[in-house]
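**Q** what's the 3D shape of this:
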Amino acid sequence: MPVTVVLAFLFTAGNRGGKPNGPTAVPATATALPGVTVPAPPAPNPATQQACIKVFQKLPLQLGTLAPRKTETDSSFVAAWGDPAIVIRCGVSRPAVFGTPTAAQLVDVSGVLWQPDPQKTQTVYTAVDRSVYIDVTVPANQDQPLPDLAPAIAALPQQCTATDSVGNTTNKKLPICGG
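**A** Here you go, the predicted model:
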C-alpha cells in the first residue's frame with residue numbers, strides 16, 4: 001500500500017499547478033468524502049522535506065477502517081482519513097506545551113514519543129523525538145490512530161529522548177529534547 005501513496009503523491013504533485021496535494025490524493029473509487037481544509041505546516045527546508053517524504057512513503061492508505069480523504073491545503077505533507085477527519089501534518093512547529101509544567105504526560109506508542117495537547121473537541125498529538133515534528137489531530141470520539149501511524153514515523157531515526165512534566169516516560173528518566 002505505501003507504494004500506492006507515493007504514486008498518488010507523484011501523480012497529483014505534477015498535475016496541480018504548484019499546489020501539490022501529496023499522499024492524500026484519493027483514487028476516485030476510494031471514497032466519496034468531501035475534501036477537508038487543513039492549515040499547511042511551515043514551508044519545509046530541504047532536510048525537513050526529505051524527512052517528510054520518508055514518513056509519507058510509509059503512511060497507510062487506509063487508517064484502520066477509515067478511508068482516506070482529500071485535503072484542501074498548500075502542503076504536500078498533510079493527509080486525512082475518515083469523517084470527522086483524523087489529520088497528520090509533517091514539519092510542524094515545536095508544540096507550545098512541550099516541556100511545560102502543564103503539559104500532559106508524554107505517550108510512548110511503538111517507540112515514538114508523542115506530546116498530547118487535549119482540547120475541547122480534539123486532541124493534537126505531536127511526535128517529539130524525531131528530526132521533524134509531526135502532529136496528528138484526533139477528533140473526540142475517534143479511535144486512537146497512533147498505533148497505525150507509528151511505523152511511518154519510526155521510519156525516521158529517533159533523535160532524542162524526552163521527559164514529561166513529572167520527569168519520566170515509560171518508567172525511565174530521560175533528558176528532554178532540545179530546540
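**Q** Report the beta-bridge partners for Val124.
**A** On the basis of DSSP bridges, Val124 is bridged to Asp117, Thr137.
**Q** my guess is it meets Asp117, correct?
**A** Yes - Val124 lies in contact with Asp117 (Cβ atoms under 8 Å); the separation is 4.5 Å. For the C-beta atoms, the positions are set from N, CA and C on the backbone; glycine is no exception.
**Q** intersection of neighbour lists for the two?
**A** Pro95 (Cβ atoms under 8 Å, 6 or more residues apart in numbering).
**Q** so Lys70 sits right up against Val38, yeah?
**A** No - at 10.2 Å, Lys70 does not count as touching Val38 under the criterion of Cβ under 8 Å.
**Q** list residues touching both of these two?
**A** Counting by Cβ under 8 Å, 6+ apart, the residues touching both Lys70 and Val38 are Ala80.
**Q** Could you list the low-confidence segments of this protein?
**A** 1-32, 160-179 (pLDDT under 70).
**Q** Could I get the full set of strands for it?
**A** With DSSP state E as the criterion, the chain has strands at 36-37, 68-69, 71-72, 78-81, 86-92, 107-109, 112-118, 122-127, 133-139.
**Q** Would you mind finding the most buried of the ones you listed?
**A** Mean neighbours per residue, mean count of other Cβ atoms under 10 Å, is largest over the strands of the chain for strand 78-81, with a mean of 29.
**Q** Mind giving me the packing neighbours of that strand?
**A** Strand 78-81 sits against strand 68-69, strand 71-72, strand 86-92, with contacts defined as 3 or more Cβ pairs under 8 Å, 6 or more residues apart in numbering; DSSP states H and E.
**Q** and the second one, how far out from the chain's middle?
**A** If I follow you right, that is strand 71-72. Strand 71-72 sits 15 Å away from the centroid of its parent chain (Cα atoms, centre = their mean, to the nearest Å).
**Q** And the longest one, by the same measure?
**A** Offset of strand 86-92 from its chain centre (Cα atoms, centre = their mean): 4 Å.
**Q** Sheet-wise, list the partners of it with their directions.
**A** Partners of strand 86-92 in its sheet, by DSSP bridges: strand 78-81 (antiparallel), strand 133-139 (antiparallel).
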